[in-house]
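Trainee: have a look; sequence and predicted model below, questions after that.
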Number of protein chains: 2
Amino acid sequence: MLLKTDARAQAWVDAFSMAMPELEVRLWPETGDRSEINCALLWGPPPELFDQLDNLEVIFSIGAGVDSLLACPNLPAHLPIVRMVESELTAGMVEFCLFHILRFHRLMHLFENHRVRRHWEELTQVSASEVTVGIMGFGVLGQALARQLSALRYRVIGYRRGPGEVEGMEVFYGTNQLEEFMGRSDILVALMPSTLETKKMINSRTLSWLPSGAYFINAGRGDLVDEEGLVEALDHGSLAGAALDVFETEPLPQESILWAHPNVYITPHIASITHPPTACRYIADAISRHRQGEPWPHLVETGRGY
Amino acid sequence: MLLKTDARAQAWVDAFSMAMPELEVRLWPETGDRSEINCALLWGPPPELFDQLDNLEVIFSIGAGVDSLLACPNLPAHLPIVRMVESELTAGMVEFCLFHILRFHRLMHLFENHRVRRHWEELTQVSASEVTVGIMGFGVLGQALARQLSALRYRVIGYRRGPGEVEGMEVFYGTNQLEEFMGRSDILVALMPSTLETKKMINSRTLSWLPSGAYFINAGRGDLVDEEGLVEALDHGSLAGAALDVFETEPLPQESILWAHPNVYITPHIASITHPPTACRYIADAISRHRQGEPWPHLVETGRGY
C-alpha cells in the first residue's frame, strides 16, 4: 500500500498495522520498488506519484470528497477509485449538521445575541415537525443525516443529481425540481460533491428560492457557493443565518466579510475527518471481499466527477 | 375542567375543543358553580383556587416539573396528581440538551471564540464514542435523551434517586454512587426535579468530582445548583463550560456574573414547554382510560416531592 496523506501519517501507519498486519505500507515519497505497489491510499497526490506504478490495481481516497484526487492530471483513468465510507466520518458529519440545525431551529443564535446584552426574553419556538430540512447531496452522508433528523421528527427532503428512490424519504432531482426543493427548505444543508455541475450552484438566484427567514449550512465544498451571492442574500434577501465550514478560499482570508457577519458561523473545515482506525478496517474489508470476487464498494464515477 | 395556566390560556382552550369537544373548560378565576368541577389542569395555582372544590377528583400538572404545584399550601393531599408527559415536551428537552452536548463535544464554543478573532485553526476532536454523557434525573426525559445520544454513539450513564433497571443503560443510584457517577461524566446533564433532596446537589464539592475539563448542562431546575459553587468550579476548578436554562432567581438578575462568564451559555428557561395540542390529547387519553378502570398515568408521589 502506497500512502500519501495529510499530517497524520503515523496514525495511518498504526491503524494499518492493527487492521492489516500483513500489509506493507510505504509512505510517499519512500516508494521502494514501484513495481511492487498494487494499491494506494491517497490525499492530494502530486502528479509524479503515479509514475511507474505499473502494477497499481486500485486507489482508495482518504476523503469522502474526491475532487482533489480527480484534479490530479496524471490520475490513471482505467483504475477503480474507492470512495471513503466509514462510520466515524459519517458520524462526524451528522453531528456537525445536526448541531447547526438545532441551533437555527431552536433560535439559539438569537438567545446568544440576547445573552451578550443580558437580555432575558422567551421567544416563540416551533416544533421540529414544523421545520423542513432540505438536504442537497443525498448520498451516504445525506441519508445518514436524514435518518437522525427523522428520529428527531424534522421533516426531511432530499435533492440529488439524478432519479433514485430512498426509502421513506421525499427526494427531488434534476435542475427542473431544484426550485421546488429550495422553496420547501426552511434549513438548507449542502453536502454535494464539488463537480463542474455543482460549482456555484448556491448563488443569489437559487438562494432567492428559499422561504423567507431560511438558514443555510455548507458542509460540502466551498466552491458550491457563490460567496458574493450568499452575502447578498444575508444582507438583503431572505436568508436569516448561515453556518459555513468550507469556503472558496481556505483558510478563509482575514479580510472576508463572512467572519463578522451577524448570524454567520464559521468553522475551519472541521465538520468531519476520516478516522484511520475505522478507515483501515473499511479498506481491509474491501480488499478481502475483492479477493473473493466481489466488486469494489462505493466506486467513484470519474465521468460525473464524484 | 378548571384551567389555571400561564399566558397561553387561549391555546389551551382551543386545544381542548379539538381533543375533548364535549369537555367544558372553565378559566380561573371564572369557576362558575364550583361543585361541578371534577378535574383541574394547573400551573402555579393560588391557594384559594382549591376552596370549595369538593368534587375535584384529579389534578393535571401543566409542567413536567411539579415543584410549583406541590408548593401550594392548600393542595388537597388525597387527590391524584398526574404529571405532564407529552411528546412535544420531551422532544423539546431532548433537542435542547443535544444541542449543547454537540456544542461542547465538538468544541463549537472554541471555534466560536476563534471566529470572533478571525482565527482559523483546526482543533483535535474526539469521537462521540469517547465521550460519556452523565444524565442526572433518569426518568421519561432523561431516558428519551439517552436513546438519542446512544443513536449518535455517545456513551451514556444515568443517575437516579433509587434503584431501578433501565434496559441497555448503566444506571447509578443513591448518594453512595454519586461520586463515581460524576467522576465518569465528561458532560453532565441535570434533569432532576426540584425537591428537598436535590436542592443545591450541584455544588463546589460535587462539581469537583467531575473529570478535568468537563461540561455542565442544567435543564432541570435552578435550585439544583449552588451558583456560587458553579462559578467557583468554572473559575478555579475543572469545569470548562456550562449551558444554563434555569437559575436560582428567574429572570436571571442583570448583575449576575453568569451572563458574561466565558463559555457559559444562558437561555431564559426555554429548554422545553408543554404544547397544548399534544398535552390535551394526553389528558383526554388519561381520562378515557381512567373511566375504563385503568389507573392514572405518571402519578406524582407527593411524599418524595416529584
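Mentor: Happy to help now that I have it.
Trainee: you'd agree A:Asp210 is up against A:Arg184?
Mentor: Quick fix: residue A:210 reads Leu, not Asp. No: look at A:Leu210 against A:Arg184 with C-beta atoms under 8 Å: they stay out of range, at 9.2 Å. Placement of C-beta: from N, CA and C, glycine included.
Trainee: all the helices of the stretch 51-200 of chain A, in order from the start?
Mentor: Along the stretch 51-200 of chain A, counting by DSSP state H, counting those that start in this stretch, helices occupy A:67-70, A:87-105, A:108-116, A:140-151, A:178-184.
Trainee: and these as JSON lines, adding mean pLDDT?
Mentor: Listed next are the helices of the stretch 51-200 of chain A as JSON lines, based on pLDDT from 0 to 100:
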{"stretch": "helix A:67-70", "mean pLDDT": "91"}
{"stretch": "helix A:87-105", "mean pLDDT": "98"}
{"stretch": "helix A:108-116", "mean pLDDT": "97"}
{"stretch": "helix A:140-151", "mean pLDDT": "97"}
{"stretch": "helix A:178-184", "mean pLDDT": "98"}
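Trainee: dump these to JSON lines, plus mean neighbour count and distance to B:Leu188.
Mentor: Listed next are those as JSON lines, based on neighbours: other C-beta atoms under 10 Å in any protein chain shown; distance: least, C-beta to C-beta, whole Å:
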{"stretch": "helix A:67-70", "mean neighbour count": "18", "distance to B:Leu188": "41"}
{"stretch": "helix A:87-105", "mean neighbour count": "24", "distance to B:Leu188": "19"}
{"stretch": "helix A:108-116", "mean neighbour count": "17", "distance to B:Leu188": "20"}
{"stretch": "helix A:140-151", "mean neighbour count": "20", "distance to B:Leu188": "23"}
{"stretch": "helix A:178-184", "mean neighbour count": "17", "distance to B:Leu188": "39"}
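Trainee: of all those helices, which one comes closest to B:Glu48?
Mentor: Across the helices of the stretch 51-200 of chain A, B:Glu48 has its closest neighbour in helix A:108-116 (36.2 Å, C-beta to C-beta).
Trainee: if you count contacts, what does the closest one end up packed against?
Mentor: Counting contacts by 3 or more C-beta pairs under 8 Å, 6 or more residues apart in numbering or on different chains; DSSP states H and E, helix A:108-116 packs against strand B:264-266.
Trainee: list the contacts for A:Asp54?
Mentor: A:34-35 (C-beta atoms under 8 Å, 6 or more residues apart in numbering or on different chains).
Trainee: next one: phi and psi at it?
Mentor: phi -70, psi -20 (degrees, to the nearest 10).
Trainee: with A:Ile217 instead?
Mentor: phi -120, psi 120.
Trainee: for A:Leu239, same thing?
Mentor: phi -80, psi 130.
Trainee: surely it meets A:Leu230?
Mentor: Yes: contact criterion C-beta under 8 Å: A:Leu239 and A:Leu230 qualify, at 7.5 Å.
Trainee: list residues touching both of these two?
Mentor: A:207, A:216.
Trainee: using CSV, write out every CA atom in stretch A:293-306.
Mentor: Only the C-alpha atoms of stretch A:293-306 are listed here, as CSV (Å, rounded to 0.1, in the frame of the first residue of the first chain):
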residue,chain,number,x,y,z
GLY,A,293,-14.6,-11.9,-6.3
GLU,A,294,-16.8,-9.2,-5.0
PRO,A,295,-16.8,-5.8,-6.7
TRP,A,296,-15.1,-2.8,-5.1
PRO,A,297,-17.5,-0.8,-2.9
HIS,A,298,-18.5,2.9,-3.4
LEU,A,299,-16.7,3.3,-6.7
VAL,A,300,-16.1,6.8,-7.9
GLU,A,301,-17.6,7.6,-11.3
THR,A,302,-14.9,9.8,-12.8
GLY,A,303,-17.1,10.7,-15.7
ARG,A,304,-19.6,12.6,-13.5
GLY,A,305,-16.9,13.9,-11.2
TYR,A,306,-17.7,12.1,-7.9
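Trainee: if we can go back for a sec, and the helices of the stretch 51-200 of chain A: which comes nearest B:Ser256?
Mentor: helix A:108-116 (11.1 Å).
Trainee: give me every residue that touches A:Arg118.
Mentor: A:Arg118 touches B:254, B:259-260, counting by C-beta under 8 Å, 6+ apart.
Trainee: show me which of those has the smallest pLDDT value.
Mentor: Model confidence across those bottoms out at B:Ala260, which has 94.
Trainee: excluding chain neighbours, what is closest to it?
Mentor: A:Arg118 (7.7 Å; C-beta to C-beta, 6 or more residues apart in numbering or on different chains).
Trainee: report the buried residues of stretch A:194-207.
Mentor: Residues of stretch A:194-207 classed as buried by neighbour count (16 or more other C-beta atoms under 10 Å in any protein chain shown): A:194-195, A:198, A:201-204, A:206-207.
Trainee: distance check, the residue most central in space within chain A against chain B.
Mentor: Central residue of chain A (C-alpha atoms, centre = their mean): A:Gly220, 3.9 Å from the mean position. Distance of A:Gly220 to chain B, computed by C-beta to the nearest C-beta, to the nearest Å: 18 Å.
Trainee: for the stretch 1-150 of chain A, which residues are neighbours of chain B?
Mentor: For the stretch 1-150 of chain A, the residues in contact with chain B (C-beta under 8 Å from any C-beta of the partner chain) are A:88, A:91-92, A:94-96, A:98-99, A:102-103, A:105-106, A:108, A:111-112, A:114-115, A:118, A:120-123, A:125, A:127-128, A:148.
Trainee: go again using 7 Å as the cut-off
Mentor: Listed as neighbours of chain B in the stretch 1-150 of chain A under the rule C-beta under 7 Å from any C-beta of the partner chain: A:88, A:91, A:95-96, A:98-99, A:102-103, A:106, A:108, A:111, A:115, A:118, A:120-122, A:125, A:127-128, A:148.
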